[in-house]
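Trainee: Based on what follows, work out the 3D shape:
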Amino acid sequence: MSRGSGIIKKRILQTTANKAKENRLQKVKKLLQHFKADRVQKLLFMDKRIFTVEVTRNSQNHRQLLSPAARNSGKRRIRPMTLFPKSATVWGGIIATGKTPLDFINKGVEINAAYYQEKILRKTVLP
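Mentor: Residues are numbered from 1 along each chain as shown. Predicted coordinates for the structure are as follows:
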């Protein structure tokens, strides 16, 4: 193998088929027919998402090209591992007139109905 070439591993990505796009369009049209025009202005779509900040390592994807001396090194054989990677929980919403500001939720907070109403909805939506 020459110095400039290497082996790559193809990534698998999700694609949206035309049939799925058509299905989604039909559902949106039905949703708009269900709500009157003045009610659509008051409609709020919201979601929370957990983003992983620290990526878990997969030894199959992290390869090294080493010299023979480095290949036998003891340091090379040690791979640090974390059981719970660092992550951040983010809440956001979309309304007809725009979007709500992102709300970052502290780690370890249990999101129940009371927390959701007091800390997220009243703080973000009502003002």
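
Trainee: Scan the helices and strands of the chain for the one with the lowest mean pLDDT.
Mentor: Scoring the helices and strands of the chain by mean pLDDT, DSSP states H and E places helix 74-77 at the bottom, with a mean of 67.

Trainee: Show residues contacting the next helix or strand after that one.
Mentor: Scanning forward in sequence from helix 74-77 by DSSP states H and E, the next helix or strand is strand 87-95. Identification of contacts with strand 87-95 by C-beta atoms under 8 Å, 6 or more residues apart in numbering yields 42-54, 99-105, 107, 109, 111, 120, 124-125. Any C-beta I mention is one placed from the backbone N, CA and C, and that applies to glycine too.

Trainee: please redo it, this time with the cut-off set to 7 Å
Mentor: 43-53, 99-100, 102-105, 120 (C-beta atoms under 7 Å, 6 or more residues apart in numbering).

Trainee: Which positions in the longest helix along the chain come out as buried?
Mentor: In the chain, with assignment by DSSP state H, the single longest helix is helix 18-34. The neighbour-count criterion (16 or more other C-beta atoms under 10 Å) identifies no buried residues in helix 18-34.

Trainee: Averaged pLDDT, that helix. What do you get?
Mentor: Averaged over helix 18-34, pLDDT sits at 85.
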